[in-house]
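Undergrad: quick one, fold the following:
(chains A and B)
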Protein chains: 2
Amino acid sequence: VHPLSAIAWTESGSVRILDQTLLPGEERYLDLATVDAVAEAISMLRVRGAPLIGIAGAMGATLAARGPNGSAVRLEDVLAGCDRLQSTRPTAVNLAWGLERMRRRARASAAQGADLLPALTAEANAIWEEDRLMCQRIGEAGLRLIQDGSTVLTHCNAGALATGGIGTALAPVYLAHQAGRGVKVVADETRPLLQGSRLTAWELLRAGIPVTVIADNMAASRLRRGDISCVIVGADRIAANGDVANKIGTYGVALAARAHGVPFYVAAPTSTFDFATANGTAIPIEERRADEVRSVHGKPVAAPGAAVWNPAFDVTPAELLTGYITDQGLLERDQLSTLIRQKS
Amino acid sequence: VHPLSAIAWTESGSVRILDQTLLPGEERYLDLATVDAVAEAISMLRVRGAPLIGIAGAMGATLAARGPNGSAVRLEDVLAGCDRLQSTRPTAVNLAWGLERMRRRARASAAQGADLLPALTAEANAIWEEDRLMCQRIGEAGLRLIQDGSTVLTHCNAGALATGGIGTALAPVYLAHQAGRGVKVVADETRPLLQGSRLTAWELLRAGIPVTVIADNMAASRLRRGDISCVIVGADRIAANGDVANKIGTYGVALAARAHGVPFYVAAPTSTFDFATANGTAIPIEERRADEVRSVHGKPVAAPGAAVWNPAFDVTPAELLTGYITDQGLLERDQLSTLIRQKS
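TA: A predicted model of the protein is given here:
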């Protein structure tokens, strides 16, 4: 469906990533042959997006199982490689989860006296394939929300550049495009890191989908204008009551969508639902460096000496949501309880 | 009250402006000795803010009345100078209004056979002084909204850098600071041109007022947080029903303020009320160049080929407003009709 793969194996078994820090100016692929190289790419955000770094970590772990000239390696080396990779982004849940699967598989193979490399490669491919399928299912669940000629507004990047497949929020858009529905997208630029204008716009254009970039503060006016069919965004965590933590700015878009009766959907795998967290107020919100707001491309944009408040996420209360587009189908808010029963 | 003057006369009668395009990186003053130099400064936005360019235009017109070596000039030269200045920003109402006053004064002086220069200088000073007084009165009208330790959220720049005095939206803040109320400000950065982070933050810090810069999309979360006493913004035009056209992004802030019960005020001189315009839908919204969104400091931030929608203003419906802080006092929404009767 998408002409782009944010991650791939090379023929020699290295990990090929698209260096997202260079987008949209340059499309450069890096072939990473060592654990250290993959760790560097993850920590420098060359590869980003929660699902995608889970996959990158798992693929990176296979590099720890390649001894010099194809010789065998010890289990300890693989486990150390996993630790090295996990240390790059200590709070990334998918990364930790993927690497834990790799450790378990490595231990099981070692216990059976089997070669580690083929087992770990199979496990990394399984993680990747599951993610690709998850994206596809989200796309199918959301496809009916996008009629002929629809325009979808989205925030941040929850697309092919953030996953191993066609994304989460953008998955229904890609499938609608494939189905010839003439879908268009309005992308919030998403300050401070501009994932919307840099990444979402880039990957949609690569797939031939028309995209209009707006500054974040234009979303309310755009929603009033009446040409947005629905809003679809991703999610970092969804609480048991349906409150959604997602990229900062999502909440303001949800308020504006409600004011103008525009349906507002969150697209996420069911693994994003965290039923141990009662509601949004219990979700910790990471505050990031002031520099992200103070400068763009390293050039200052704020008065020196000004304080900065830079929360990475916000919480959108469940009552502002129309529904959840998941790999288990399209859920209305009142269907969450069913999901809770299934998972507990 | 404010340590800064965005505009001034030099001893030799030139017009001294602070080059706002260089802020916040550099504080450079330019002495403009010719009509062309003032016209360049206005058209390049070195001097900006509706009231301030009205004053700059009027002061610039006096330069047309200075012949070589202090010789007298003809009325035609002065009128041509006014036309030259007005052509720089054809839609700026204050500029046209100020220059019309200068033309009228020039014609009256010429008809009496009087020297043009002293008359025009007096008229420019009157325009400036009226603006300074207007700012002061707005400040006094809004002062009671700011209690000890209040934090005010504002959008864009409606301060000393936009007027001949202490601003409109920021005037109550400056008077509260002067009164020792420990006022603090949260400033939206205000994409695409970043007047909040570049200008508002700069002028507040210069006056010793603590300011925190946030990306525009953080305003909703900040308003939810509970530490914002009120929102105060400026206005470009206010329709007869009280709808307000102001910098793009104002509307989204107003929606979020309403959602969290935070009072939302518009500060503007009564001259901003346009009773010939029934409501906000009749206010034309300028759309500006795509480049402003596509790049920051000339560096691209959006995928090449992406379309851009870049409205300069939005309309906040009257029902989201708590009141209007004007040079004729603090008006509740239902007091607008009184103002309409006075003006018509």
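Undergrad: from here on, contacts and neighbour counts on C-alpha atoms
TA: Will do.
Undergrad: output the residue of the stretch 1-150 of chain A whose distance to chain B is smallest.
TA: Per Cα to the nearest Cα, A:P24 is where the stretch 1-150 of chain A lies closest to chain B, at 5.0 Å.
Undergrad: A:P192 touches A:D291, doesn't it?
TA: No. A:P192 is not in contact with A:D291 according to Cα atoms under 8 Å; the separation is 9.4 Å.
Undergrad: distance check, the residue of the stretch 1-150 of chain A closest to chain B against B:R294.
TA: Noted for A:P24: a distance of 11 Å to B:R294, by Cα to Cα, to the nearest Å.
Undergrad: who has more neighbours out of the two?
TA: More crowded of A:P24 and B:R294, by other Cα atoms under 10 Å in any protein chain shown: B:R294, with 26 against 20.
Undergrad: once you drop chain neighbours, what's closest to the more buried one?
TA: Nearest in space to B:R294, with sequence neighbours left out and distances taken as Cα to Cα, 6 or more residues apart in numbering or on different chains, is B:A302 at 5.1 Å.
Undergrad: that neighbour: how many residues sit nearby?
TA: B:A302 has 29 nearby residues by other Cα under 10 Å.
Undergrad: Validate this expectation: it resides in a strand.
TA: No. Assigned with DSSP: H, G, I helix; E, B strand; the rest coil, B:A302 falls outside any strand and is coil.
Undergrad: what's near enough to touch it?
TA: A:P24, A:E189, A:S197, A:R198, A:A201, A:W202, A:V213, B:V293, B:R294, B:S295 (Cα atoms under 8 Å, 6 or more residues apart in numbering or on different chains).
Undergrad: neighbouring contacts of stretch A:94-110?
TA: A:50-51, A:53-55, A:57-58, A:61, A:75, A:78-79, A:82, A:86, A:89-90, A:115-116, A:119-120, A:123-124, A:127.
Undergrad: show me which of the contacts of B:A302 are buried.
TA: The neighbour count (16 or more other Cα atoms under 10 Å in any protein chain shown) marks A:P24, A:E189, A:S197, A:R198, A:A201, A:W202, A:V213, B:V293, B:R294 as buried among the contacts of B:A302.
Undergrad: and the closest residue to A:A235 other than its chain neighbours, what pLDDT?
TA: Nearest residue to A:A235, sequence neighbours excluded (Cα to Cα, 6+ apart): A:N246, at 4.7 Å. Looking at A:N246, its pLDDT is 95.
Undergrad: ramachandran coordinates for A:N246?
TA: A:N246 adopts backbone torsions of phi -150, psi 180, taken as degrees, to the nearest 10.
Undergrad: residue numbers of the stretch 201-344 of chain A in contact with chain B?
TA: A:201-202, A:205, A:210-221, A:248-252, A:255-256, A:259, A:293, A:296-297, A:299-311, A:314 (Cα under 8 Å from any Cα of the partner chain).
Undergrad: mark which of the residues you listed are part of helices, please.
TA: Applying DSSP state H to these, the entries found in helices are A:201-202, A:205, A:219-221, A:250-252, A:255-256, A:259, A:293.
Undergrad: now render the residues you listed as a markdown table, adding pLDDT.
TA: Below are those laid out as a markdown table (pLDDT from 0 to 100):
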| residue | pLDDT |
| --- | --- |
| A:A201 | 98 |
| A:W202 | 97 |
| A:L205 | 97 |
| A:A219 | 98 |
| A:A220 | 98 |
| A:S221 | 98 |
| A:T250 | 98 |
| A:Y251 | 98 |
| A:G252 | 98 |
| A:L255 | 98 |
| A:A256 | 98 |
| A:A259 | 98 |
| A:V293 | 97 |
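Undergrad: what mean pLDDT does stretch A:299-313 have?
TA: pLDDT averaged over stretch A:299-313 gives 95.
Undergrad: oh sorry, the question was meant for stretch A:325-343
TA: For stretch A:325-343, mean pLDDT is 82.
Undergrad: give me the outermost residue of chain A relative to its centroid.
TA: A:G113 (36.2 Å; Cα atoms, centre = their mean).
Undergrad: quick one: that residue from A:V73, how far?
TA: 12 Å.
Undergrad: with A:F275 instead?
TA: 40 Å.
Undergrad: now the strands for the stretch 101-250 of chain A?
TA: Assigned by DSSP state E, counting those that start in this stretch, the strands in the stretch 101-250 of chain A fall at A:151-154, A:184-188, A:211-214, A:230-233, A:237-239, A:244-247.
Undergrad: where does the prediction get shaky in chain A?
TA: Within chain A, the ranges that satisfy pLDDT under 70 run A:1, A:70, A:340-344.
Undergrad: who are the packing partners of the top helix by length along it?
TA: Criterion DSSP H: the longest helix present in chain A is helix A:116-142. When contacts are defined as 3 or more Cα pairs under 8 Å, 6 or more residues apart in numbering or on different chains; DSSP states H and E, helix A:116-142 sits against helix A:50-63, helix A:93-111, helix A:171-178, strand A:323-326, strand A:329-332.
Undergrad: Serialize the ones you listed to TSV and add fields for mean neighbour count.
TA: Formatted as TSV, these follow (neighbours: other Cα atoms under 10 Å in any protein chain shown):
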stretch	mean neighbour count
helix A:50-63	28
helix A:93-111	19
helix A:171-178	25
strand A:323-326	27
strand A:329-332	17
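Undergrad: rewinding a little: quick check: phi and psi on the residue farthest from the centre of chain A?
TA: Per degrees, to the nearest 10, the backbone of A:G113 is at phi 70, psi 20.
Undergrad: would you mind measuring from it to A:A72?
TA: Distance of A:G113 to A:A72, given as Cα to Cα: 11 Å.
Undergrad: now A:R105
TA: Applying Cα to Cα to A:R105 and A:A72 gives a distance of 16 Å.
Undergrad: ditto for A:T62
TA: Between A:T62 and A:A72 the computed distance is 12 Å (Cα to Cα).
Undergrad: do A:I232 as well
TA: Distance, A:I232 to A:A72, by Cα to Cα: 47 Å.
Undergrad: these two: which is more packed in?
TA: The residue with more neighbours, out of A:I232 and A:A72, is A:I232; 28 against 13, by other Cα under 10 Å.
Undergrad: for the more buried one, name its beta-bridge partners.
TA: A:Y265 (DSSP bridges).
Undergrad: from A:T62, how far off is A:Q86?
TA: To A:T62, A:Q86 is 14 Å away according to Cα to Cα.
Undergrad: equivalent analysis for A:A110, please.
TA: Counting by Cα to Cα, the gap from A:A110 to A:T62 is 14 Å.
Undergrad: there's contact between A:G142 and A:L330 in this structure, I believe.
TA: Yes. Using Cα under 8 Å, A:G142 is in contact with A:L330, at 6.6 Å.
Undergrad: what about the nearest residue to A:H177 once chain neighbours are set aside, how many residues close to it?
TA: Nearest non-adjacent residue to A:H177, counting by Cα to Cα, 6+ apart: A:V183, 5.8 Å away. Around A:V183 there are 23 other residues, counting by other Cα under 10 Å.
Undergrad: mind listing what A:V183 touches?
TA: Here A:V183 is in contact with A:I146, A:Q147, A:D148, A:G149, A:S150, A:T151, A:V152, A:V173, A:A176, A:H177, A:I209, A:P210 (criterion: Cα under 8 Å, 6+ apart).
Undergrad: how about 6 Å then?
TA: A:G149, A:S150, A:T151, A:H177 (Cα atoms under 6 Å, 6 or more residues apart in numbering or on different chains).
Undergrad: which of those residues lies closest to A:N279?
TA: Of all the contacts of A:V183, A:T151 has the smallest distance to A:N279: 30.9 Å, by Cα to Cα.
Undergrad: what pairs with that closest one across the strands?
TA: Following DSSP bridges, A:T151 is listed with bridge partners A:K184.
Undergrad: do the same with A:D274
TA: A:A239.
Undergrad: counting neighbours, what do you get for it?
TA: Tallying neighbours of A:D274 according to other Cα under 10 Å, which is how burial is gauged here, yields 17.
Undergrad: that one touches A:D236, doesn't it?
TA: No. Using Cα atoms under 6 Å, A:D274 is not in contact with A:D236; the gap is 10.1 Å.
Undergrad: no further questions, thank you.
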